[in-house]
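J.: can you look at this prediction? I've put the sequence above it.
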Amino acid sequence: MQNILVTGGAGFIGSAFVRHMIEKYPQYRIIVLDKLTYAGNLDNLLPVHDEPNFKFERGDIADREVVRRLIETERIDTIVNFAAESHVDRSILAPDAFIHTDVVGTYILLDEARLLGVNRIHHVSTDEVYGSIPEGFFKEGDPLQPNSPYSASKAGGEMMVRAYQVTYGLHTTVTRGSNTYGPYQYPEKVLPLFITEAIDNRPLPVYGDGMQVRDWLYVDDHASAIDLVLHEGRPGEIYNVGGENERHNIEITRLILKLLDKPESLIRFVADRPGHDRRYALACDKIKALGWQPSGDLETLMEKTVRWYEQNEWWWRKIKTGEYLEYYKRQYGQRLADATA
Ligand code: NAD
Ligand code: DAU
């Protein structure tokens, strides 16, 4: 491994992975390809921007010419694919971009890798491809039952990864991560949304009864798991990556309010997300057998996260303008008007 193409490296988890890799492996060159959609943000890469082994290129993973030129000119030998449309609510409002990037874009990366002889590809997937599980834990061999346009598009991309491994012998690996949190997360996802809204004493829109369960994974732990699989993962294998921190949404909401010393009267129960998965939970024995484990407990890492947003208003205040406000109104305007406390 020498020249690693990281797609979607200006997003939340991709940028954490890039910062991690630049610091840990100065001998690797990290080339980021990112379209800079609404969720891509060069501020996320400021800490590594001037490093000699870092390079940024703006472009679309579904653009074959762009992908081909970059693989050739940068002599890419490894691809790590984070690029995606990643927000479930937006996939319900407008699925097109999800098919374009998560399915077609993944296919273009695989196909150019095959044609140009890039033999190592890691694909970043999600626990949402399994669908919802009322009790117990999903294992890597379980059937996929995605329920939203987002999770269906992620499952579609994964199926192409599988096909390219089986048919053409590409050395692929896949990780299925659980709900990730930490610094630099776009404030549409529930945690940064609720933290930044609570800082401004604004209402927190909890979908349905708030009793849905998510498993919370700290972003640096997600990045270190991908690093480990990239180096130690077996060809064709899939690895679950969960934080082993299951919480009801309402518990997480109350924890955020407590950490910010804000009143629970900010909570509003609003109309549920259509097709809302009730619970995600992963069995993580396989990645643990490679030597990975989460770095800390949820309360400590959540406090660290909340303090980061308190101390980095420069980062999120400029995001919460323009297109963001239009999206917010569309997603929450009527919901909050009809809400119950
Ligand atoms: P994000 O939305 O913060 O970042 C996505 C990045 O991809 C952005 O920088 C965006 O500009 C870029 N991008 C989008 N379309 C592109 C295209 N066509 N070509 C090039 N770049 C493009 O997402 P994230 O939360 O960092 O998620 C990263 C990956 O991890 C995704 O594949 C997602 O499905 C997966 N994942 C996310 C979570 C989570 O909780 N956030 C959990 C498990 C898996
Ligand atoms: O599980 C992994 C997935 O986690 C990733 O693949 C996705 O990219 C990522 O967005 C995330 O998906 P979720 O739908 O679980 O995350 P989100 O932050 O949108 O919502 C988390 C939970 O909080 C979910 O049960 C819905 C609920 N929620 C969300 C929002 C935005 C609310 O109650 N109110 C809200 O306003």
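T.: Here it is on my side, so go on. Here the structure is a predicted model, which means the values were calculated and not measured. Ligands and ions are numbered 1, 2, ... in the order given.

J.: CA atoms for contacts and neighbours, from now on please.
T.: Fine.

J.: now do the strands in the protein.
T.: 3-7, 29-34, 54-58, 78-81, 120-126, 171-177, 179-181, 204-207, 213-218, 238-241, 246-248, 267-270 (DSSP state E).

J.: okay if I get those strands as CSV plus mean pLDDT?
T.: Shown next, in CSV, are the strands of the chain (pLDDT from 0 to 100):
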stretch, mean pLDDT
strand 3-7, 98
strand 29-34, 98
strand 54-58, 98
strand 78-81, 98
strand 120-126, 98
strand 171-177, 98
strand 179-181, 98
strand 204-207, 98
strand 213-218, 98
strand 238-241, 98
strand 246-248, 98
strand 267-270, 98
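
J.: wait, which of the ones you listed is closest to Tyr328?
T.: strand 204-207 (11.1 Å; C-alpha to C-alpha).

J.: could you export the closest one as CSV, CA atoms only?
T.: The C-alpha trace of strand 204-207 is given here as CSV (Å, rounded to 0.1, in the frame of the first residue of the first chain):
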residue,chain,number,x,y,z
LEU,A,204,-35.5,19.0,19.7
PRO,A,205,-37.8,17.0,17.4
VAL,A,206,-37.9,13.4,18.6
TYR,A,207,-39.5,11.1,16.0
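
J.: before we move on, back to that, could I get the strands of the chain as TSV with mean neighbour count?
T.: Shown next, in TSV, are these (neighbours: other C-alpha atoms under 10 Å):
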stretch	mean neighbour count
strand 3-7	23
strand 29-34	24
strand 54-58	16
strand 78-81	25
strand 120-126	23
strand 171-177	24
strand 179-181	22
strand 204-207	24
strand 213-218	24
strand 238-241	26
strand 246-248	17
strand 267-270	21
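
J.: so the longest helix along the chain versus strand 120-126, what angle?
T.: When the chain is parsed with DSSP state H, its longest helix is helix 149-168. Going by axes from the mean of the first three to the mean of the last three C-alpha atoms, to 10 degrees, helix 149-168 is angled at 150 degrees with respect to strand 120-126.

J.: buried residues of helix 149-168, list them for me.
T.: Residues 149-158, 160-162, 164-165 are the ones in helix 149-168 that count as buried (16 or more other C-alpha atoms under 10 Å).

J.: and of those, the nearest to Arg247?
T.: Minimum distance to Arg247 across those is 20.7 Å, recorded for Ser151 (C-alpha to C-alpha).

J.: tally of neighbours for His87?
T.: Counted with other C-alpha atoms under 10 Å, residues neighbouring His87 total 16.

J.: hmm, it is touching Lys189, no?
T.: Yes. His87 lies in contact with Lys189 (C-alpha atoms under 8 Å); the separation is 7.2 Å.

J.: run through the residues that contact Gln212.
T.: Gln212 is in contact with His248, Asn249, Asp277, Arg278, Arg279, counting by C-alpha atoms under 8 Å, 6 or more residues apart in numbering.

J.: wait, I meant Gln331
T.: Contacts of Gln331 (C-alpha under 8 Å, 6+ apart): Asp89.

J.: if we can go back for a sec, residues contacting the longest helix of the chain, please?
T.: Under C-alpha under 8 Å, 6+ apart, the answer for helix 149-168 is 85-88, 91-92, 95, 98-99, 102-104, 106-107, 110, 114, 123, 125-126, 128-129, 144, 146, 170-172, 174, 236.

J.: out of the residues you listed, who's near ligand 2?
T.: Filtering the contacts of helix 149-168 for proximity to ligand 2 by C-alpha under 6 Å from any ligand atom leaves Ser86, His87, Val88, Thr126, Glu128.
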